[in-house]
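>>> Next come a sequence and a model predicted from it.
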Amino acid sequence: MADRKTENPHAIFIPFPLQGHLIPSVLLAVKLASKGFTITFVNTESIHHSIIKSSSQSAINGSHHHDDGDVFAEARKSGLDIRYATVSDGLPLGFDRSLNHDQYMECLLHVFSAHVDEFVGNLVKGDVSINCLIADSFYVWPLMISKKYNLVNISFWTEPALVLNLYYHMDLLKKNGHYDPLDKHEDVIDYIPGVDSIKPRDMMSYLQATDTNTVSHRIIHKALFEDARSADFMICNTIHELESHTISTLNQMQPFYAIGPIFPNKFTQKLVSTNLWYELDCTRWLNNRPLRSVLYVSFGSYAHISKHDLAEIAHGLLQSGVSFVWALRPDIVSSNDTNALPLGFEDKIKDQGLIVPWCDQKSVLSHPSIGGFVTHCGWNSVLESIWCGVPLICFPLLTDQFTNRKLVVDDWKIGINLCEGNLVEKEDVTKKVKGLMIGEKSSELRNEIKKVKTTLQDALALGGSSQRNFDQFISEVRIKTNNMK
Ligand SMILES: O=c1ccn([C@@H]2O[C@H](COP(=O)(O)OP(=O)(O)O[C@H]3O[C@H](CO)[C@@H](O)[C@H](O)[C@H]3O)[C@@H](O)[C@H]2O)c(=O)[nH]1
């Protein structure tokens, strides 16, 4: 009889080297390993370095730490077969990837594939059990690499299905004058299969841009319009019931599995370090605040905002008198200007607000004192806020965040806009914050979010859609890898 181990798929898992992609990737890797997959998880050296740096800082302050630099060591001790490796993204470790974003992306577009190719080549030479590649859908090389090394090609999509579906139809959008022409049409888009209708301003920033000759556009075209659709399987961090029409359409193109929300459970919570910044504990500060009295503010890990907007938001918060915790990355404006808050702001807020560079967002959102979330609408933040029943105030900045805002505010009615036009003004901020935290709107939104939260819980429960899709995905992969022998 064959060794059971050899029947289990062995996947090389390569997440996109950004925080918002890394977190769900690690959780998915753990989820797959707990179903018997062997996973070789691969971080770029740069990401690895940031994780080790931030977790050793936490260790100095009492939290746990990985002495050997293997972020999956704890997970392995618990019995999961997750191996860990690093690969160069092509740039020196000290290179400022936040400041030189486009150069970084150029490197991911043109150079990284050569490093991945060499790395995967060496790995499969030494281990014949490797039979799958799981790569983020934003990569331009999975088709090439999976063909070359005869691996099942699994694409991981970390945004809503709606967003993927719009990228898949860039040709139709172009034909209808909604993408790329100089004078773009403003009329509603109602011709995309699987999308009832969407306004041009609710599409992803890349599809709204007038300059389409940028590195981000080239990545998106190659990765999403060309490469991802030929993956053997597409797995997505969404929930069937929230996007059933879009998902059914996508399923006609390729096997598509909605398995979200991908969240840690009690067991996996602190098993693997994923923080790229040093995390500060807000619990003590929050413990002293009344129920639902505190607003949480964060714009995620990737987007930048202008100094003007930052100042308007800061003054708007101050004027509202509402308590807040603000997770404010040092590079939020630019890593060249790490003290971007208005002069004296931190003195003025006294104990009204707590500003930290990074926090444990899930534990902050689930604290009873939190009553609202000012967010850039990153998809992970949206899912986490729903899970914790916290209504949102939306301030999308780029990429899928505009489309996610539409889902949150217009479709699901679980949030409001921070500003109606493009300009953010402090009076607006004050009004919206007060409206959400103390106004009538609050209980309406809270009731709606409860319903969406139930949808998420049901999907993850035994027999729920995400559970079933995950199990089906696993059995399809098993069939495919066993047939390859
Ligand atoms: O202080 C903080 C701030 C954030 N987080 C976590 O970091 C993640 C942030 O993810 P997300 O809300 O999706 O925002 P981004 O980091 O901006 O994510 C990028 O990736 C997402 C998934 O592809 C996209 O939806 C976003 O638009 C894109 O900017 C979440 O899990 C948060 O819990 C923390 O733990 N502490």
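Done, it's in.
>>> Name the residues of stretch 417-424 that are buried.
Going by neighbour count (16 or more other C-beta atoms under 10 Å), the buried part of stretch 417-424 is 417, 418, 419, 424. Heads up, the C-betas are built off the backbone N, CA and C, glycines and all.
>>> Distance from it to the middle of the chain?
Centroid separation for stretch 417-424 versus its chain: 23 Å, with C-alpha atoms, centre = their mean, to the nearest Å.
>>> With stretch 17-37 instead?
Its chain's C-alpha centre and that of stretch 17-37 lie 12 Å apart, by C-alpha atoms, centre = their mean.
>>> Is residue 12 part of a helix or strand, or is it coil?
The three-state label given to residue 12 by DSSP: H, G, I helix; E, B strand; the rest coil is strand.
>>> Pass me the low-pLDDT residue ranges in the chain, would you?
Applying pLDDT under 70 to the chain picks out residues 1-6, 58-68, 266-269, 485.
>>> what does it have sitting close to the ligand?
Within reach of the ligand by C-beta under 6 Å from any ligand atom, the chain has these residues: 18-21, 23, 158-159, 298, 300-303, 327, 358-362, 378-381, 384, 399-401.
>>> Now for whichever residue of the stretch 101-250 of the chain sits closest to the ligand: which residues touch it?
Closest approach between the stretch 101-250 of the chain and the ligand, counting by C-beta to the nearest ligand atom: residue 158, at 3.7 Å. If a contact means C-beta atoms under 8 Å, 6 or more residues apart in numbering, then residue 158 has 16, 20, 21, 24, 25, 136, 137, 237, 379, 380 as its contacts.
>>> Using TSV, lay out the residues you listed together with secondary structure, neighbour count and distance to residue 169.
Shown next, in TSV, are these (DSSP: H, G, I helix; E, B strand; the rest coil; neighbours: other C-beta atoms under 10 Å; distance: C-beta to C-beta, whole Å):
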residue	secondary structure	neighbour count	distance to residue 169
16	coil	20	22
20	helix	20	24
21	helix	22	23
24	helix	24	24
25	helix	24	26
136	strand	22	21
137	coil	23	15
237	coil	25	21
379	helix	25	19
380	helix	23	25
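>>> Looking at those, which is nearest residue 410?
Of all these, residue 410 sits closest to residue 379, with 16.2 Å by C-beta to C-beta.
>>> any idea how far residue 239 is from that closest one?
If you measure residue 379 against residue 239 using C-beta to C-beta, to the nearest Å, the figure is 12 Å.
>>> same check, this time on residue 98
Going from residue 98 to residue 239 by C-beta to C-beta gives 32 Å.
>>> Check residue 439 too.
As for residue 439, its distance to residue 239 is 29 Å (criterion: C-beta to C-beta).
>>> So the residue in the stretch 251-400 of the chain that the ligand sits nearest to versus residue 399, what's the distance?
When scored by C-beta to the nearest ligand atom, the stretch 251-400 of the chain has residue 378 as its residue closest to the ligand, at 2.2 Å. For residue 378, the distance to residue 399 equals 9 Å [C-beta to C-beta].
>>> What of residue 123?
31 Å.
>>> Who has more neighbours out of the two?
residue 399 (23 against 17; other C-beta atoms under 10 Å).
>>> correct me, but the more buried one touches residue 208?
No - between residue 399 and residue 208 there is no contact under C-beta atoms under 8 Å: 10.5 Å.
>>> Could you check how far residue 441 is from residue 429?
When distance is defined by C-beta to C-beta, residue 441 is 15 Å away from residue 429.
>>> So between the two, which is more surrounded?
Between residue 441 and residue 429, residue 429 has the larger neighbour count (other C-beta under 10 Å), namely 25 against 15.
>>> Not counting its neighbours along the chain, what's nearest residue 228?
Using C-beta to C-beta, 6 or more residues apart in numbering and skipping residues adjacent in sequence, the residue nearest residue 228 is residue 137, 4.5 Å away.
>>> where along the stretch 251-400 of the chain do the strands fall?
With DSSP state E, counting those that start in this stretch, the ranges of strands along the stretch 251-400 of the chain come out as 256-258, 294-298, 323-327, 353-356, 370-375, 392-394.
>>> Near residue 79, how many other residues are there?
8.
>>> quick one: it from residue 41, how far?
Distance from residue 79 to residue 41, by C-beta to C-beta: 16 Å.
>>> do residue 230 as well
For residue 230, the distance to residue 41 (C-beta to C-beta) stands at 24 Å.
>>> which ones are touching residue 222?
Contact analysis of residue 222 by C-beta under 8 Å, 6+ apart lists 109, 140.
>>> looking at it, the residue of the stretch 251-400 of the chain closest to the ligand is touching residue 403, isn't it?
No - using C-beta under 8 Å, residue 378 is not in contact with residue 403; the gap is 11.8 Å.
>>> would TSV of the strands of the stretch 251-400 of the chain with mean neighbour count be doable?
Below are the strands of the stretch 251-400 of the chain laid out as TSV (neighbours: other C-beta atoms under 10 Å):
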stretch	mean neighbour count
strand 256-258	26
strand 294-298	24
strand 323-327	23
strand 353-356	19
strand 370-375	25
strand 392-394	25
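>>> State the helix or strand in which the closest residue in space to residue 212 that isn't next to it in sequence lies.
Nearest non-adjacent residue to residue 212, counting by C-beta to C-beta, 6+ apart: residue 180, 5.1 Å away. Using DSSP states H and E, residue 180 maps to neither a helix nor a strand.
>>> for residue 134, same thing?
Under the criterion of DSSP H and E, residue 134 resides in strand 132-136.
>>> Can you spell out which helices and strands pack onto that strand?
In terms of contacts (3 or more C-beta pairs under 8 Å, 6 or more residues apart in numbering; DSSP states H and E), strand 132-136 is packed against strand 10-14, helix 19-33, helix 142-148, strand 152-157.
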